[in-house]
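>>> Fold the following, please.
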Amino acid sequence: MIEAIGKYNTAKIFTDTIDETAYAQVLELCNQKAFEGVQIRIMPDTHAGKGCVIGYTAELGGRVVPNLIGVDIGCGMEVTSLGPIDINFEKLDHFIRHQVPHGHSIHQKIAHPIHKPVLEQKIENIANKTGTVYEKHLRSVGSLGGGNHFIEINEDSAGNKILVIHSGSRNLGLQVAKYHQKKAELYCTDRMKDLTLQQNEEIGLLKKSGNLDAIPAVIEKYKALMEVYQVPKPLMYLEGAGADEYLADMYAAQEFALLNRQGMSKAIAEFLNLDYRQLEKFTTIHNYINPEDKIIRKGAISAKAGEKVIIPINMRDGSIIAIGKGNPDWNHSAPHGAGRLMSRSRAKDILHMNDFKDTMRGVWTSSVSTATLDEAPMAYKPIEEILENTVDALEIVEIIKPLYNFKASN
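I've put the predicted structure just below:
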């Protein structure tokens, strides 16, 4: 465990190795007055992210930074037990490639109606204020996306096939994040302007009255008031009504992300002639704010006592199934994956296709290509590191092994 000791906070980082950029991002959080007093805990799979370190967990508090959750709001894993069935992976792959939109694609028409009027109204409101097309968001339900999103068939120790889908809120989450981060930047900037104006007016009155000795105290007072808004642009935040509006939109995007994954799961189950309603399933989310415990998790998962979770490792090694221990020192959280060893660009620069193909020989996949080289198992930390670093947060049940993997290129 490493501690990042900043001016206003100290964060615990639950690993013995962290790259310089990620550590600098943690330290920057701890140096901000706005993050004073919250319990910051960084998960073992941490690595540098855009605007905020991946693996961040903390109590919500009264200030909300849209960038902390980021653009893929509600991203997570949908796990469905299919039983000990036989699957023709070539036919399944053909179905997924033709019936599950991936990359930047979405359905040509609404394939998975939401049937939730309140949520539909929230999505329409988001579309209106972000200048996007409501119907396009609805057509995105049941689509995978790209990057590290995937569809897998795994096998457990009892021979059951396990469908695992990793995806998020698609363009809806992106629009919510962009819209509210702009508002956050405007809010913090305007508060600084207002306080500067108030300070100048107060000093002006003191000068007129000849009370010059009181000016240094006024300057110190406003310096303290301004400091909480003097944050780097990526960490600018919302308070009050602005924070409430973001949270409402974010919760809508989280619900949308869940329905998106369920849409794909249902379609694949039906292709396999299974009744989706009768199948055992659970969800693990890793980019969200939990409305119940008010914990921010950016690249981290909830691991409350008795909670069943999944942690994907890589395309070759499968996923960890575990039970949470509810450790308060970990913010009742756990890592969301193995964590990257190298950036996507570096992976494409130094990894070789022959090695990628060789290491994936035991898994049926049509997704091994130069376009997915940045997702090769070698780009991620080894499973042993996560197992060693999570003994205080998780009880490991088993490791399910991939038989089939589909991953879209960006």
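>>> Show me where the stretch 51-200 of the chain has its strands.
54-59, 76-83, 150-155, 161-167 (DSSP state E, counting those that start in this stretch).
>>> how many neighbours does the nearest residue to Val141 once chain neighbours are set aside have?
Of all residues not flanking Val141 in the chain, His112 sits nearest, at 4.4 Å (CB to CB, 6 or more residues apart in numbering). Just so you know, the C-beta spots here come from the backbone N, C-alpha and C atoms, and that holds for glycine as well. Using other CB atoms under 10 Å, His112 is surrounded by 19 other residues.
>>> With the one 10 residues further on instead?
Counted with other CB under 10 Å, residues neighbouring Lys122 total 19.
>>> again with Leu259
18.
>>> Quick check on Ser345: phi, psi?
Ser345 has phi and psi values of phi -70, psi -40 when expressed as degrees, to the nearest 10.
>>> quick one, what contacts the nearest residue to it once chain neighbours are set aside?
Leaving aside its sequence neighbours, Ser345 sits nearest to Asp374 (CB to CB, 6+ apart; 7.6 Å). The contact partners of Asp374, by CB atoms under 8 Å, 6 or more residues apart in numbering, come to 344-345, 347-348, 351.
>>> could you flag which of the residues you listed are buried?
Buried members of the contacts of Asp374, counted by 16 or more other CB atoms under 10 Å: 347-348, 351.
>>> just those residues now: which is nearest Tyr288?
Ala347 (26.5 Å; CB to CB).
>>> gap between the closest one and Asp355?
11 Å (CB to CB, to the nearest Å).
>>> which residues do these two both contact?
Contact with both Ala347 and Asp355 is made by residues 376, 378, according to CB under 8 Å, 6+ apart.
>>> unless I'm mixing things up, Asn31 is touching Gly6, no?
Yes - between Asn31 and Gly6 a contact is recorded at 4.2 Å, counting by CB atoms under 8 Å.
>>> coming back round to it: my guess is the residue nearest to Val141 meets Gly263, correct?
Yes - using CB under 8 Å, His112 makes contact with Gly263 at a distance of 3.6 Å.
>>> Quick check: neighbours shared by those two?
141-142.
>>> Minimum distance to Lys183: which of the strands of the stretch 51-200 of the chain has it?
Across the strands of the stretch 51-200 of the chain, closest to Lys183 is strand 54-59 (CB to CB), at 21.0 Å.
>>> what's the average pLDDT for that closest one?
Confidence for strand 54-59, expressed as mean pLDDT, is 96.
>>> repeat for stretch 339-346
85.
>>> Ile399 belongs to a helix, doesn't it?
No - Ile399: not assigned to a helix; according to DSSP: H, G, I helix; E, B strand; the rest coil it is strand.
>>> dump the residue contacts of it.
Residues near Ile399 by CB under 8 Å, 6+ apart: 317-321, 383.
>>> nearest residue to the residue most central in space within the chain other than its sequence neighbours?
Nearest to the mean C-alpha position of the chain, by CA atoms, centre = their mean, lies Asn287 at 2.5 Å. Distances taken as CB to CB, 6+ apart put Cys75 closest to Asn287, at 4.3 Å, once the chain neighbours are dropped.
>>> What's the separation between the one you found and Thr284?
Note on Cys75: its distance to Thr284, by CB to CB, is 10 Å.
>>> okay, these two: which has more neighbours?
Using other CB under 10 Å, the more surrounded residue of Cys75 and Thr284 is Cys75, with 29 against 24.
>>> can you map out the helices along this protein?
20-30, 66-69, 89-99, 117-130, 134-139, 170-209, 215-227, 240-271, 344-350, 353-359, 383-389 (DSSP state H).
>>> Next, format these as TSV and append distance to Ala48.
Listed next are the helices of the chain as TSV, based on distance: least, CB to CB, whole Å:
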stretch	distance to Ala48
helix 20-30	4
helix 66-69	13
helix 89-99	32
helix 117-130	27
helix 134-139	30
helix 170-209	18
helix 215-227	26
helix 240-271	23
helix 344-350	12
helix 353-359	24
helix 383-389	17
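>>> neighbours of the closest residue to Ile162 other than its chain neighbours, just the number please.
Distances taken as CB to CB, 6+ apart place Asn154 nearest to Ile162, at 4.3 Å, with adjacent residues excluded. When counting by other CB under 10 Å, one arrives at 24 neighbours for Asn154.
>>> Brilliant, that's me finished.
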